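S.K.: build me a model from this:
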Amino acid sequence: MAFFKALGDLLWGGPLLALFLAVGLWYSLGSGFFQIFGLPTWWKATVGSLFRRKRDGQAGRGVTQLQALSTALAATIGTGSIAGVATAIAYGGPGAVFWMWMSALLGMMTGCGEKILAVRHRERDPGGHWRGGPMQYMAKGLRLPGLAKLFALFCVAETLAGGNLAQANSIATALSAAGGASPAAVGAVLAVVASVVLMGGIKRIGRLCELLVPAMALLFVGGGLAVIAANYQAVPGAFQQIVGYAFAPRAAGGYAMGMALRYGVARGVFTNEAGVGMSAIAHACADVDEPAQQGMWGIFEVFFATMVICTVTALVILTSGVYDPVRTLPLAEAGTVPQAMLGAPLTVAGFATLFGEAGEWIVSVSLILFAFTSLIGSGYYGRRGMETLTSSRWAQGLYQLVFPAFIILGAVGDVTAVWQVVDVFNGLLAAVNLPALLLLSPEALHLLRTWLDGQKKKQENCAGPT
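M.R.: Numbers count the residues shown, from 1 in each chain. Here you go, the predicted model:
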């Protein structure tokens, strides 16, 4: 896997990281940092709307906005939120968490732009359901069908790697450590169940994710907050480490800061997908008339996936005493970090400090739910990628056979190699999607401003004359 490591280091070595931050900054500046100053608006349009939602259907057009969000979150807050964060801290130190936050803060507007464009340029499939995403806004918005097919190709590859191999690998590793389960058996069961669900299409996927995503988030966040509360005295020190190591270059080539930036942004991107583009495929299926309205859910998606889920994971690791940067960073620099300090086992160790063996099962059950929903979401993205690449039923059927086979392969693979492959394909997707987002930013920002002006007028009309 030396090739994938070298390619991943090249992709994430500087220019791509700068492009991620530049696109997020461009959308932030163009919107007046709406993710910060417009918080009441996007919060009311997302979380607030859940308490006044009218379930009057519009059956046949697509899935509800909540189902679209749940499907996107199912793929974004997969095991990257548990195993990926732990791996970022192991290799990049506590400072990686800070760069996760920074990439998420800017990525909230990148995610907003993606969802706006996905809804703006979506189309109906032969069955009458909505479909869209980067492939559509590249082909219809930029009029570059070749670029759309290139993105679709990388999308298919990423769903077999990050959305499949990495998820299956993490859950098999956790279950093997917690209960001695056979990785091959775990992979086989996951492959069968995932295949059955995917055959039901986006409607079945949306309904399932709407049920499972809130449950898995509540379980993991609730358990994590309990661990953090039990170690509340260590919380200030954890934040000090996060900020301190983010800007603390070492004498040996500035390893600490450079690797914190590299792993922080890379893992942040993997957990919220802002700039990668694939979650826009799910949001394009939503029953919504205004593109900018779905953009609000894009902001919330990044906020919840990184600022909530990933932060809980990081603070569990940093406050529970299972990780020591002074001891671990030299091992990371030498490339000799033990497996117990990588991925899910490190998070499991943090939970176990409070819950004992029960802590292992909390993480294991969370991983099962996270990985399963992520597999489902990724499987749908991959099928959409294949539909863009070819109309051949044979080729699309082949993907439906290859996808479960890769689940089994991921379950028995090496975790380090898997994450290296994940970084490569996420980088390739972003390298195609980010320039498209820049070119289409005038359209996305115009739609956002128009919708906000409309919302403001509605509020003024409701208030009436003074």
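
S.K.: the stretch 251-400 of the chain: helices as residue ranges?
M.R.: Listed from the start of the chain, the stretch 251-400 of the chain has helices (DSSP state H, counting those that start in this stretch) covering 255-272, 279-283, 291-302, 311-319, 325-334, 344-355, 357-389, 393-411.

S.K.: show me where the stretch 51-200 of the chain has helices.
M.R.: Using DSSP H, counting those that start in this stretch, the helices assigned to the stretch 51-200 of the chain run over residues 65-76, 83-92, 95-120, 134-136, 145-160, 166-179, 183-198.

S.K.: I'd like the helices of the stretch 251-400 of the chain as CSV, with distance to Q240 appended.
M.R.: (C-beta placed from N, C-alpha, C; glycine too.) Output for these, formatted as CSV (distance: least, Cβ to Cβ, whole Å):
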stretch, distance to Q240
helix 255-272, 14
helix 279-283, 33
helix 291-302, 25
helix 311-319, 10
helix 325-334, 11
helix 344-355, 18
helix 357-389, 25
helix 393-411, 37
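
S.K.: can you say which of those helices is packed in most?
M.R.: The highest mean neighbour count among these, using mean count of other Cβ atoms under 10 Å, belongs to helix 279-283: a mean of 31.

S.K.: what does it contact?
M.R.: Judged by Cβ atoms under 8 Å, 6 or more residues apart in numbering, the contacts made with helix 279-283 from elsewhere in the structure are 68-69, 71-72, 75-76, 111, 114-115, 117-119, 131-134, 273, 294, 297-298, 301, 377, 380-381, 384.

S.K.: any idea how far L16 is from A292?
M.R.: In this structure, A292 lies at 28 Å from L16, with Cβ to Cβ, to the nearest Å as the measure.

S.K.: same check, this time on L434
M.R.: From L434 over to L16 the distance is 8 Å, taken as Cβ to Cβ.

S.K.: shared neighbours, the two?
M.R.: With contacts defined as Cβ under 8 Å, 6+ apart, no residue is adjacent to both L434 and L16.

S.K.: ok, G132 touching H121?
M.R.: Yes. With contact taken as Cβ atoms under 8 Å, G132 and H121 are classed as touching, separated by 6.1 Å.

S.K.: higher neighbour count, these two?
M.R.: Higher neighbour count among G132 and H121: G132, with 27 against 22, using other Cβ atoms under 10 Å.

S.K.: and the pLDDT for that one?
M.R.: The per-residue pLDDT reported for G132 equals 90.

S.K.: try the one 10 residues further on
M.R.: According to the prediction, L142 has pLDDT 94.

S.K.: pretty sure it contacts L440?
M.R.: Yes. In this structure, L142 sits in contact with L440. The criterion is Cβ under 8 Å, and the distance is 6.7 Å.

S.K.: quick one, which of those two is more surrounded?
M.R.: With neighbours defined as other Cβ under 10 Å, L142 and L440 compare such that L440 has more, 20 against 15.

S.K.: would you mind measuring from the more buried one to V193?
M.R.: Using Cβ to Cβ, which is the criterion applied here, L440 is 38 Å from V193.

S.K.: do the same with P40
M.R.: When Cβ to Cβ is the yardstick, P40 and V193 sit 41 Å from each other.

S.K.: who has more neighbours out of these two?
M.R.: Under the criterion of other Cβ under 10 Å, the comparison of P40 against V193 puts V193 first, with 15 against 9.

S.K.: any weak-confidence spans in the stretch 251-400 of the chain?
M.R.: Judged by pLDDT under 70, the stretch 251-400 of the chain has its weakly predicted residues at 251-259, 262, 266-271, 330, 332-343.

S.K.: tell me the confidence at W99?
M.R.: At W99, the pLDDT value in this model is 86.

S.K.: and it, how many neighbours?
M.R.: By other Cβ under 10 Å, the residues close to W99 number 25.

S.K.: isn't it up against V243?
M.R.: No. With contact defined as Cβ under 8 Å, W99 does not reach V243; the gap is 10.9 Å.

S.K.: what sits against F406?
M.R.: 160, 164-165, 168.

S.K.: could you redo the last one with a cut-off of 10 Å?
M.R.: With contacts defined as Cβ atoms under 10 Å, 6 or more residues apart in numbering, F406 is in contact with 159-161, 163-165, 168, 187, 191, 375, 382, 413.

S.K.: grab the two from those residues that are most spread out in space.
M.R.: With distances taken as Cβ to Cβ, the most widely separated pair in the contacts of F406 is G382 and G413, at 18.1 Å.

S.K.: so A22 sits right up against S441, yeah?
M.R.: No. Using Cβ atoms under 10 Å, A22 is not in contact with S441; the gap is 11.3 Å.

S.K.: of the two, who's got more company?
M.R.: Regarding A22 and S441, a neighbour count based on other Cβ under 10 Å identifies S441 as having more, with 19 against 14.

S.K.: who touches the more buried one in this structure?
M.R.: For S441, the residues meeting the contact criterion (Cβ under 10 Å, 6+ apart) are 23, 26-27, 30-31, 109-110, 113, 117.

S.K.: and those, which is closest to N426?
M.R.: When those are compared for distance to N426 (Cβ to Cβ), T110 comes out closest, at 13.9 Å.

S.K.: isn't that closest one up against E301?
M.R.: No. Counting by Cβ under 10 Å, E301 is not a contact partner of T110; they are 11.1 Å apart.

S.K.: now do the shared contacts for the two.
M.R.: Overlap of the contact sets of T110 and E301 (by Cβ under 10 Å, 6+ apart) consists of 272-274.

S.K.: kindly reformat those residues as JSON lines containing distance to I407.
M.R.: As requested, these are exported to JSON lines (distance: Cβ to Cβ, whole Å):
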{"residue": "N272", "distance to I407": "23"}
{"residue": "E273", "distance to I407": "20"}
{"residue": "A274", "distance to I407": "26"}
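
S.K.: name the residues of the helix or strand where M216 lies that are buried.
M.R.: Take DSSP states H and E as the rule and M216 turns out to sit in helix 201-230. Taking 16 or more other Cβ atoms under 10 Å as the neighbour-count basis, helix 201-230 is seen to contain the buried residues 202, 205-210, 212-213, 216-217, 219-221, 223-224, 226-228.

S.K.: can you give me the offset of that helix from its chain's centre?
M.R.: Taking the mean C-alpha point of helix 201-230 and that of its whole chain, the gap between them comes to 14 Å (Cα atoms, centre = their mean, to the nearest Å).

S.K.: relative to helix 357-389, how tilted is that helix?
M.R.: With axes from the mean of the first three to the mean of the last three Cα atoms, to 10 degrees as the criterion, the two stretches helix 201-230 and helix 357-389 enclose an angle of 150 degrees.

S.K.: could you point out which element follows helix 201-230?
M.R.: On the C-terminal side of helix 201-230, the nearest following helix or strand under DSSP H and E is helix 235-246.

S.K.: helices or strands next to that following helix in the packing?
M.R.: For helix 235-246, the packing partners by 3 or more Cβ pairs under 10 Å, 6 or more residues apart in numbering; DSSP states H and E come out as helix 83-92, helix 95-120, helix 201-230, helix 255-272, helix 311-319, helix 325-334.
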